[in-house]
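Colleague: Generate coordinates for the sequence data below:
(chains A and B)
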2 protein chains.
Amino acid sequence: MDLEKKLLEGNKRAVARMISLVENRDPQAFDLLKKLHNKTGNAYVIGITGPPGAGKSTLTDKLVKALLNEGKKVAVIAIDPTSPFTGGAILGDRVRMGDLSTHKDVFIRSMGARGSLGGISEGTSAAIKVLDVYGADYIFVETVGVGQSEIDIVKNCDTTVMVMVPGLGDDIQAIKAGIMEIGDVFAINKSDRDGAKKTAREIDAMLDYNDSDWRPPVTMTVAVKNEGIDKLVETIMEHRDYMKSNELFEARRIDNARNEIVELVKYKVLSHLFDNAYNEQMIHRLSENVVKRTTDPYTACEEIIVNIKN
Amino acid sequence: MDLEKKLLEGNKRAVARMISLVENRDPQAFDLLKKLHNKTGNAYVIGITGPPGAGKSTLTDKLVKALLNEGKKVAVIAIDPTSPFTGGAILGDRVRMGDLSTHKDVFIRSMGARGSLGGISEGTSAAIKVLDVYGADYIFVETVGVGQSEIDIVKNCDTTVMVMVPGLGDDIQAIKAGIMEIGDVFAINKSDRDGAKKTAREIDAMLDYNDSDWRPPVTMTVAVKNEGIDKLVETIMEHRDYMKSNELFEARRIDNARNEIVELVKYKVLSHLFDNAYNEQMIHRLSENVVKRTTDPYTACEEIIVNIKN
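Modeller: Coordinates of the predicted model:
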């Protein structure tokens, strides 16, 4: 297949086409990924997550440049699970990355496609494989927000950088619980703003409850001024070395593979269900009856499940 | 049943207990909700969503107070889908609401429980029913972030307020796509900050593409100073009146019921699958093999599905 050959040669247009096929759930693309799976596993995958406004894109931009300066080949996938659009919708706005996207050793792509059955996490896994075949040394996976979908997305990564920002107020309390489990490295970005040290202290204090041997370091950055970037790259590499020297790297990749398989099974089962046994008219009638109070949602659910089994 | 009687009497401890039972997926609690479904549908449900740091909790607090001053009975559910904790975990930090939670006509509750199969959206639906039976005139559902889980959560609401804040930078572009579909009313909070008017203009400009008859109004608030709150309450009520006068209210409730039923079916099917057919050892072995490249995730998924069918 021509596409396979071009992918293996690192052709960018082939990469873009392959990711589009994966987004559109083209069965032939997945057949090709099956075949290419044994060519993957070489790229190091770095997740960049954190609340909107933390400056993740700018930070990613600077990290990419730092790695390019070391002669590395780098790819970026920017994931927006809330967007109903595919492809260029967001990327179009990321003008800032314009100078990077034409660099011969960089591939940048936005992914926003999401069906009603989920699927963004598996889509990300598939795109990572494509970029791995493309020959990227480092793949950045950048999320827009920090919520459950974003946590699922970074479960594809080897190291996850949690980008925080001063001034989150009380919301930091709520975010805390969610980020404990996913941040390997913290970056307080926009750290020239008031309250940066306080935010760093709050995050560091919460890490006292972290019971793994790796205590996530808290670094300070000002991405727009390129401050703290080298230190952050260094910290990411320390985490990588730590993981690799402790067999934790392998263990995490097995966990990630498990997660990918489970998400694929969920998606497959739900699509089968909704394609075959799911009667649109029936569910509309039941929904009306729930609102009229002639039935309730729990009974309606049972009725559909009986219907599926028959 | 004693709990039923106490709920119908508006006993707060019974409400708290019932929500805990629902969070723990107690089958008897759902049997009771089935029975009580015909007592629900009276409360008006208002979603409060937006990025972390937008000041949603403070804003909700002020909206609650405004409605209490009108003699209304109000309930608040604060949802944190990223948190592995239940109940008081976050609420403990929401000291600000301390004076409200002892008010006789207010019930405030955090919900953070979430299993690996999702379920936060149905949990919210169930909690709304409990608070409806409790006799709340208005139920606020407040999310922590703005991502796919949050969009699913606000699909339980009659009116959704999207809270924005100046200074989101380029992330606003990415958020935009997601919020187009869910914001009925916009509030630019912390609007005494630099850039508030610019943010309002950006949001207003994007609403040009909104093709419904209701053009979501953009209001300005400074919740900590209680500024713009009455106007926001008024705008929410305008949306309610618009919905009710156009049969859109009924249509949205049918949509919401549909969403609830679909989520219940998904959850039921996946729990059945993972309880019965899902072999932990098998999936671990497959995950190891994916990492060793002796199989790939797509083939592993197919193998599990064949196993389920047998």
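
Colleague: where along the stretch 201-310 of chain A do the strands fall?
Modeller: Ranges of strands within the stretch 201-310 of chain A are A:218-220, based on DSSP state E, counting those that start in this stretch.

Colleague: Any idea which residue of it lies closest to chain B?
Modeller: Evaluated by C-beta to the nearest C-beta, the stretch 201-310 of chain A has A:D296 as its residue closest to chain B, separated by 3.5 Å. Every residue, glycine included, has its C-beta placed from N, CA and C.

Colleague: so that residue touches B:D31, yeah?
Modeller: No: using C-beta atoms under 8 Å as the test, A:D296 is too far from B:D31 to be in contact (10.5 Å).

Colleague: Quick check on A:A78: phi, psi?
Modeller: Per-residue torsions, A:A78: phi -100, psi 120 (degrees, to the nearest 10).

Colleague: Let's see the pLDDT reported for it.
Modeller: For A:A78, the pLDDT comes out at 89.

Colleague: ditto for the one 10 residues further on
Modeller: The per-residue pLDDT reported for A:G88 equals 34.

Colleague: And the one 5 residues further on, by the same measure?
Modeller: As summarised for this prediction, A:D93 has a pLDDT of 38.

Colleague: From A:N156, how far off is the residue of the stretch 201-310 of chain A closest to chain B?
Modeller: Taking C-beta to C-beta, to the nearest Å as the measure, A:D296 and A:N156 are separated by 39 Å.

Colleague: Neighbour count: those two, which is higher?
Modeller: Counted by other C-beta atoms under 10 Å in any protein chain shown, A:D296 and A:N156 do not tie: A:N156 has more neighbours, with 26 against 23.

Colleague: Figure out the helix or strand that A:F107 lives in.
Modeller: Applying DSSP states H and E as the criterion places A:F107 in strand A:106-111.

Colleague: what about that strand, near chain B?
Modeller: No: looking at strand A:106-111 against chain B by C-beta under 8 Å from any C-beta of the partner chain, there are no contacts, and the closest approach is 8.7 Å.

Colleague: got the contact list for A:L3?
Modeller: When the contact criterion is C-beta atoms under 8 Å, 6 or more residues apart in numbering or on different chains, the partners of A:L3 are A:A14, A:R17, A:M18, A:L32.

Colleague: and A:K62, what does it touch?
Modeller: Contacts here follow C-beta under 8 Å, 6+ apart; on that basis A:K62 touches A:A223, A:N226, A:I229.

Colleague: so what's it scoring on pLDDT?
Modeller: Looking at A:K62, its pLDDT reads 95.

Colleague: For A:N69, see how far away the nearest residue to it once chain neighbours are set aside is.
Modeller: Once its chain neighbours are removed from consideration, A:K62 has its nearest residue in A:I229; the separation is 4.6 Å (C-beta to C-beta, 6 or more residues apart in numbering or on different chains). Plainly put, A:I229 is 10 Å away from A:N69 if you go by C-beta to C-beta.

Colleague: So for these two, which sits in the more crowded spot?
Modeller: In terms of neighbours (other C-beta under 10 Å), A:I229 is the more surrounded of A:I229 and A:N69; the figures are 20 against 10.

Colleague: Distance-wise, check the more buried one relative to A:E263.
Modeller: Applying C-beta to C-beta, one obtains 33 Å for the distance of A:I229 from A:E263.

Colleague: Check whether A:G183 really touches A:T159, as I assumed.
Modeller: No: contact criterion C-beta under 8 Å: A:G183 and A:T159 do not qualify, at 9.8 Å.

Colleague: Grab the most central residue of chain A for me.
Modeller: Note on chain A: the residue nearest the mean C-alpha position is A:I153, at 3.4 Å, using C-alpha atoms, centre = their mean.

Colleague: Test my guess that that residue contacts A:G47.
Modeller: Yes: checked against C-beta under 8 Å, the pair A:I153 and A:G47 is within contact range at 7.3 Å.

Colleague: Overlap in contacts, these two.
Modeller: By the contact definition C-beta under 8 Å, 6+ apart, A:I153 and A:G47 are jointly contacted by A:V141, A:T143.

Colleague: related to what we said a few turns ago, quick one: contacts for the residue nearest to A:K62?
Modeller: For A:I229, the set of contacting residues under the criterion of C-beta under 8 Å, 6+ apart consists of A:L59, A:K62, A:L63, A:A66, A:T221, A:A223.

Colleague: Just the ones in helices from those, please.
Modeller: The members of the contacts of A:I229 that map onto helices under DSSP state H are A:L59, A:K62, A:L63, A:A66.

Colleague: hang on, the last one packs against A:D230?
Modeller: Spelled out, that is A:A66. Yes: counting by C-beta under 8 Å, a contact exists between A:A66 and A:D230, whose distance comes to 6.5 Å.

Colleague: ok, the two, which is more surrounded?
Modeller: With neighbours defined as other C-beta under 10 Å, A:A66 and A:D230 compare such that A:A66 has more, 17 against 13.

Colleague: how about the longest helix seen in chain A, does it reach chain B?
Modeller: Of all the elements of type helix in chain A, the one with the most residues (DSSP H) is helix A:248-276. Yes: part of helix A:248-276 sits close enough to chain B to count as contact by C-beta under 8 Å from any C-beta, namely A:250, A:253-255, A:257-258, A:260-262, A:264-266, A:268-270, A:273.

Colleague: Which among those count as buried?
Modeller: A:253-254, A:257-258, A:260-262, A:264-266, A:268-270, A:273 (16 or more other C-beta atoms under 10 Å in any protein chain shown).

Colleague: Show residues contacting the helix or strand hosting A:V163.
Modeller: Counting by DSSP H and E, the secondary-structure element that holds A:V163 is strand A:159-164. Applying C-beta under 8 Å, 6+ apart, the set of residues contacting strand A:159-164 from outside is A:44-51, A:54-56, A:59, A:146, A:154, A:172, A:179, A:182-189, A:199, A:203, A:216, A:232, A:236, A:239-240, A:243.

Colleague: What residues of it count as buried?
Modeller: Under 16+ other C-beta under 10 Å, the buried positions of strand A:159-164 are A:T159, A:T160, A:V161, A:M162, A:V163, A:M164.

Colleague: Who does the second one form a beta bridge with?
Modeller: Going back to what we said before, that points to A:T160. In this structure, A:T160 bridges to A:G47 when assessed by DSSP bridges.

Colleague: Please pull out the lowest mean pLDDT helix or strand from chain A.
Modeller: Ranked by mean pLDDT, DSSP states H and E, the weakest helix or strand in chain A is helix A:88-91, scoring a mean of 39.

Colleague: So for the strand holding A:V163, mean pLDDT?
Modeller: 94.

Colleague: Tabulate the CA atom coordinates of that strand in CSV.
Modeller: What follows is the C-alpha trace of strand A:159-164 in CSV, where atoms were taken according to Å, rounded to 0.1, in the frame of the first residue of the first chain:
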residue,chain,number,x,y,z
THR,A,159,5.2,11.5,31.2
THR,A,160,2.4,14.0,32.0
VAL,A,161,3.1,17.6,32.7
MET,A,162,0.4,19.3,34.7
VAL,A,163,0.4,23.0,33.8
MET,A,164,-1.0,25.3,36.5
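
Colleague: which residues of the stretch 101-250 of chain A score low on pLDDT?
Modeller: In the prediction, the stretch 101-250 of chain A carries residues with pLDDT under 70 at positions A:113-119, A:145-148, A:169-181, A:210-211.

Colleague: Helices of the stretch 51-200 of chain A, residue ranges please.
Modeller: When secondary structure is read from DSSP state H, counting those that start in this stretch, the stretch 51-200 of chain A shows helices at A:56-69, A:88-91, A:98-101, A:120-134, A:148-154, A:171-179, A:196-206.
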